[in-house]
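*Asks:* Give me a 3D structure for the following:
(2 chains)
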Amino acid sequence: MTAPAPFPRAARLLRPADFARLQGGQRVGTRHFSAQVAANEHSGARLGLAISKRVSKRAVRRNRLKRLARDSFRHRRAELPAVDILIIARPSADQEDNASLRAELARLWQRIMTLNGADGVGTMRA
RNA sequence: AGAGCCGGCCAAGCAGCCGCGUCGCGUUCGCGCGCCGAGGAAAGUCCGGGCUCCACAGGGCAGGGUGCCAGGUAACGCCUGGGCGGCGCGAGCCGACGGAAAGUGCAACAGAAAGCAAACCGCCGAUGGCCUCGCAAGAGGAUCAGGCAAGGGUGAAACGGUGCGGUAAGAGCGCACCGCGAGUCUGGCAACAGACCGGCACGGCAAACCCCACCUGGAGCAAGACCGAAUAGGGGAACCAUGACGCGGCCCGCGUCGUUCCCGGGUUGGUCGCUCGAGUCCUGCGGCGACGCAGGACCUAGAGGAAUGGCUGCUCACGACAGAACCCGGCUUACCGGCCGGCUCUCCUU
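*Replies:* Reported below is the predicted structural model:
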């Protein structure tokens, strides 16, 4: 029912350095998430996740948020520009069900796209 | 049929689409195909081991742990069987359950007294003395000497309990039963039990110090090993003053710092450690059992910013607690509900 939308390793933030670079990136916030965005030198968008134990002490619940975010991201990755995105979950996210979190993530990707179109992200380019 | 006890097991299912990780095969290096891919607790990190490194060689002290007995096990604080005590009509369940005659200590309040007993209320006053009566024997009275600890009262606890005898009143003073005992015998590997005997002497607390028996180095896979680029600590051998420093609790003890010679090297990345193991299943034999032995079959997650998922549809008893991170054995805690086996009690029917 859905078009193929793979999510290879190249589309993930793997090194501590990748995360550190995003400290200076642009911030985008929604009700249950916040994101740090910066342009990268790769061919597509990359995703990193930061879901601390402050969100939930239960590993199962943190896993749910990560999986949801990754799945949502991979479906929209083709539309996103070449940016690194770090998604940070707020503790309130733990209370929401899958459907509303998916809707919120969809809006988040949309805002990142428009942000990039308005040229804000270019600041990180060397 | 209803209540309940014990042991074992399962953890919504199916399909489609889109994904993720290891491995194998193919590859036009984009990827494609196939197999496999969380738990009974993966959890808490409370014990025990394996493995690894650290200065280990030994002895002593200290510290810590365990604590009825006997087994099982790699080991344990776990498990099995047994004993004792308690709870339950019962199937069964629960128990830090060694030593109080080695010593030290503790016990608020209350109470006369809290531990080599003592005597507030009380009981008695036989015996000696006193008073009255009596010629006397003696009788009566008070309770001075004195005797007693039954009863009352306090307390968590008061120097065996109940009953009978006994007595001036009483008292293990005597007896019966119970309790108690560092006695004897019998049974048992033992914990312990039974019988007999003794005679009432020894209160409680050892999750108070302590004593006894047994166990016990420390840190942890970010342990640790290997590979490889810039700055330049390092490793081995020989000699030496016995000073300073260090030695994962301390001491004996041991080592380093110095000089000479020889050899070549660490944080961050990559690879390994990383899953074949006290493994799982089946059968047979031994054992009450935990478990052991033998044979056969099987390979069953291995990530690393961290995979094991998302969406949709259908079915039903409407789905709990919860996510591996070096690996095992336990314990504890969380949990919607369901299945199987064995057993107990009550009621009904025959």
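
*Asks:* Which pLDDT value goes with residue A:103?
*Replies:* Confidence at residue A:103, expressed as pLDDT, is 89.

*Asks:* element containing it?
*Replies:* Element membership of residue A:103 [criterion: DSSP states H and E] is helix A:98-117.

*Asks:* Tell me which residues are up against that helix.
*Replies:* A:26, A:28, A:30-33, A:35, A:37, A:39, A:64-65, A:68-69, A:72-73, A:76, A:79-81, A:83, A:85, A:87, A:93, A:96, A:121 (C-beta atoms under 8 Å, 6 or more residues apart in numbering). Just so you know, the C-beta spots here come from the backbone N, C-alpha and C atoms, and that holds for glycine as well.

*Asks:* And these, which of them are buried?
*Replies:* For the contacts of helix A:98-117, a neighbour count by 16 or more other C-beta atoms under 10 Å gives the buried set as A:26, A:28, A:32-33, A:35, A:37, A:39, A:64-65, A:68-69, A:72-73, A:76, A:80, A:83, A:85, A:87, A:93, A:96, A:121.

*Asks:* what does chain A have sitting close to RNA strand B?
*Replies:* Neighbours of RNA strand B within chain A, by C-beta under 7 Å from any atom of the strand: A:1-9, A:12-16, A:19, A:48-50, A:58-61, A:63-64, A:66-68, A:70-71, A:74-75, A:86, A:98-99, A:102.

*Asks:* Go through the helix holding residue A:103 and flag the buried ones.
*Replies:* A:101, A:104, A:105, A:108, A:109, A:112, A:113, A:115, A:116.

*Asks:* Tell me the gap between that helix and the middle of its chain.
*Replies:* In terms of C-alpha atoms, centre = their mean, to the nearest Å, the centre of helix A:98-117 is set 9 Å apart from its chain centre.

*Asks:* What would that helix look like as CSV? C-alpha coordinates only.
*Replies:* Extracted as CSV, the C-alpha positions of helix A:98-117 are listed here (Å, rounded to 0.1, in the frame of the first residue of the first chain):
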residue,chain,number,x,y,z
ASN,A,98,0.8,6.5,18.2
ALA,A,99,-1.7,8.2,15.9
SER,A,100,-1.4,11.7,17.4
LEU,A,101,2.4,11.4,17.6
ARG,A,102,2.6,10.4,14.0
ALA,A,103,0.5,13.4,13.0
GLU,A,104,2.7,15.7,15.0
LEU,A,105,5.9,14.3,13.5
ALA,A,106,4.4,14.9,10.0
ARG,A,107,3.9,18.5,10.9
LEU,A,108,7.5,18.7,12.2
TRP,A,109,8.9,17.5,8.9
GLN,A,110,6.8,20.0,7.1
ARG,A,111,8.2,22.8,9.1
ILE,A,112,11.8,21.7,8.6
MET,A,113,11.2,21.7,4.8
THR,A,114,9.8,25.3,4.8
LEU,A,115,12.6,26.3,7.2
ASN,A,116,15.1,25.1,4.7
GLY,A,117,13.3,26.8,1.8
